[in-house]
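> No sequence on hand, only this structure:
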C-alpha cells in the first residue's frame, strides 16, 4: 500500500527537504532515473552516501528498504534526502516519470525486483442481484423448495422459519441469517400458528468462497440488521443510485458474515457501551414486534427497556436512521398488510386492533407508506 511521504513515516530512511531550503535545480543533478509505465520489473539501487532526490517530470512511487528485502512504498511528491546504505527503486504511477539525484557518490544498481501494482482493488465483488423480496407468509405455510445457480441469503425479520437443506432442518428465529449456495436445494416452512416475515436475496458474487457460510445460521449483529433495513429503505426509494446503494450494502453484509465465519469461536470485540446499545435496540424491537397490536408510544417503549425517551430516540437515529415512533408506525403498517391478507377483519376493525384513532387515519398512513389504499391492496392479494 502506498503511504504518504512525510517526516514521520520516512524518518527511518531519510528526511523531507523543507521547502524553505534551496533544492538543487534538477538540470544540475548529475544522476537520473527513468521510469516507464509499462515496466514489469524495476531496478533496485543502493545509496553509497546521502542522496538528494526530486521529481523532474511525471509521477512516481518511491520504494525504500533497509535490508533490500522488505520495501515500504511512498507517493513521491516532494524533495527528499535518503540516508546512506538505503535500498531504493521507483515504480510508475499512471505514466512515465523522471527522477533526478545528487550525491557525493552515485547510487549503485544492485538488482531488480518485480513491479508492484499499488492500486487497492476490491476482492469480494457482488456482480448483481437477481431477486430481493420481503416475504410475508401466512401461518403454517410451506414452500416446496428450489435450487438455482446463484447463492441466496435469507434473513428472518419476525417470527420463526424452518430452512431445510442437505438433510438439515435449521430453525431460523428473528434476527437470524442463513446462506444457500449455488445449486443447493432448499425449502422453507413455518410451524402452525406462526406467520414469519423474512427477506430473501439471490445474487452473484465473485472473489470469495462462501462455503464456510453454508449449512449454518448466524445471529445477525446490529450492524448487519441495520444494513438490511437500509437496503429495504433503498428498495422503497428506488432513485438513480438505489441499486448501487443496495449492492454496496449487500457487499458489506457479506464481508461481515465471512469475517464472522472465519473466526467462529472468537467473541466479537466490542466495547461494553456498544454491546449495551445493541441490547437496548434489540429489546425495543422485540417488544414492538410482540405487542404490535397494542397501543405503543416512545415513552412506553423507553420505560420497557429501562432508558429515557430521548436516549432511546438517539440510539434509534444512530443505529437505524429512524425514530422509534417511525419504527412503530412501519411495523404497525406491515402488520395491517398481514391482517388484510388474512381477511378476517374489515378495515375499521383492523384500525381499532392496531390502536389507530380512526380508520381514516389508518387509511391515510397506509396510502403514504405503500402508495395504494387498503382497499386497493386487498383487491391485489385476493
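That came in fine, so what should we check first? On a predicted model such as this, the values are computed, not experimentally measured, just so you know.

> for the record, mean pLDDT for whichever helix in the chain runs longest?
Using DSSP state H, we find that the single longest helix of the chain is helix 242-262. Helix 242-262 shows a mean pLDDT of 93.

> So which other helices or strands are in contact with the helix or strand following that helix?
Downstream of helix 242-262, the next assigned helix or strand under DSSP states H and E is helix 272-290. Under the contact definition 3 or more CB pairs under 8 Å, 6 or more residues apart in numbering; DSSP states H and E, helix 272-290 sits against helix 222-237, helix 298-305, helix 309-320, helix 324-342. C-beta: built from backbone N, CA, C; applies to glycine.

> Same list, the ones you listed, but as a markdown table with distance to residue 194, mean pLDDT and mean neighbour count please.
Listed next are those as a markdown table, based on distance: least, CB to CB, whole Å; pLDDT from 0 to 100; neighbours: other CB atoms under 10 Å:
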| stretch | distance to residue 194 | mean pLDDT | mean neighbour count |
| --- | --- | --- | --- |
| helix 222-237 | 20 | 92 | 18 |
| helix 298-305 | 23 | 93 | 17 |
| helix 309-320 | 25 | 85 | 17 |
| helix 324-342 | 12 | 88 | 18 |
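
> before we move on, the earlier item: and the longest helix of the chain with helix 222-237, angle?
On the basis of axes from the mean of the first three to the mean of the last three CA atoms, to 10 degrees, helix 242-262 is oriented at 160 degrees to helix 222-237.

> Same question for helix 242-262: list its buried residues.
Counting neighbours by 16 or more other CB atoms under 10 Å, one finds that the buried residues in helix 242-262 are 245-254, 256-258, 260-261.

> now stretch 174-189
Residues of stretch 174-189 classed as buried: 174, 175, 176, 177, 178, 179, 180, 181, 184, 186, 188, 189 (neighbour count, 16+ other CB under 10 Å).

> so residue 15 makes contact with residue 81?
Yes - under the criterion of CB atoms under 8 Å, residue 15 makes contact with residue 81 at 5.6 Å.

> Among the buried residues of stretch 174-189, which ones are in helices?
Judged by DSSP H, the subset of the buried residues of stretch 174-189 located in helices is empty.

> tell me which of these is nearest to residue 135?
Closest approach to residue 135 among those (CB to CB): residue 188, at 8.5 Å.

> Stretch 154-162: end-to-end distance?
Counting by CA to CA, to the nearest Å, you get 11 Å between the two ends of stretch 154-162.

> and if you look at stretch 157-169?
Chord length of stretch 157-169, first to last residue, is 19 Å (CA to CA).

> Now do it: everything it contacts.
The contact list for stretch 157-169, computed with CB atoms under 8 Å, 6 or more residues apart in numbering, reads 134, 145, 154, 170-174, 178, 180, 184-191, 194-199, 215, 217, 289.

> okay, the helices and strands packed on helix 272-290 in a markdown table with distance to residue 120 next?
Output for those, formatted as a markdown table (distance: least, CB to CB, whole Å):
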| stretch | distance to residue 120 |
| --- | --- |
| helix 222-237 | 22 |
| helix 298-305 | 41 |
| helix 309-320 | 28 |
| helix 324-342 | 37 |
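
> Of the ones you listed, which is nearest residue 38?
Across the helices and strands packed on helix 272-290, closest to residue 38 is helix 222-237 (CB to CB), at 41.3 Å.

> how far is stretch 366-373 from where the chain is centred?
Centre-to-centre, stretch 366-373 and its host chain are 30 Å apart (CA atoms, centre = their mean, to the nearest Å).

> Mind jotting down where the helices sit in the stretch 1-150 of the chain?
Assigned by DSSP state H, counting those that start in this stretch, the stretch 1-150 of the chain shows helices spanning 7-10.

> which regions of it sit below the pLDDT cut-off?
Within the stretch 1-150 of the chain, the stretches with pLDDT under 70 are 19-28.

> can we see that at 50?
Applying pLDDT under 50 to the stretch 1-150 of the chain picks out residues 20-24.

> Now do the same contact list for the closest residue to residue 316 other than its chain neighbours.
Of all residues beyond its chain neighbours, the one nearest residue 316 is residue 324 (4.8 Å), with distances taken as CB to CB, 6 or more residues apart in numbering. Residues near residue 324 by CB under 8 Å, 6+ apart: 284, 298, 301, 302, 312, 313, 316.

> make it 6 Å
The neighbourhood of residue 324, defined by CB atoms under 6 Å, 6 or more residues apart in numbering, consists of 298, 301, 312, 313, 316.

> from the residues you listed, which is closest to residue 65?
residue 316 (51.2 Å).

> Distance of the closest one relative to residue 236?
Distance, residue 316 to residue 236, using CB to CB, to the nearest Å: 18 Å.

> Point to the residue nearest the middle of the protein.
Nearest residue to the geometric centre of the chain (CA atoms, centre = their mean): residue 252, 2.1 Å.

> pLDDT of stretch 190-200, averaged?
Mean pLDDT, stretch 190-200: 90.

> Now do the buried residues in that stretch.
Neighbour-count burial for stretch 190-200, with 16+ other CB under 10 Å as criterion, is recorded at 190, 194, 195, 196, 197, 198, 199, 200.

> out of these, which are inside helices?
With helices taken from DSSP H, there is no overlap with the buried residues of stretch 190-200.

> What sits closest to residue 17 if chain neighbours are left out?
Nearest residue to residue 17, sequence neighbours excluded (CB to CB, 6+ apart): residue 79, at 4.1 Å.

> can you count the residues close to the one you found?
Counted with other CB atoms under 10 Å, residues neighbouring residue 79 total 18.

> Quick one: closest of the helices and strands packed on helix 272-290 to residue 4.
Closest to residue 4 of these, according to CB to CB: helix 222-237, at 29.2 Å.

> How far does the closest one sit from its chain's centre?
Offset of helix 222-237 from its chain centre (CA atoms, centre = their mean): 11 Å.
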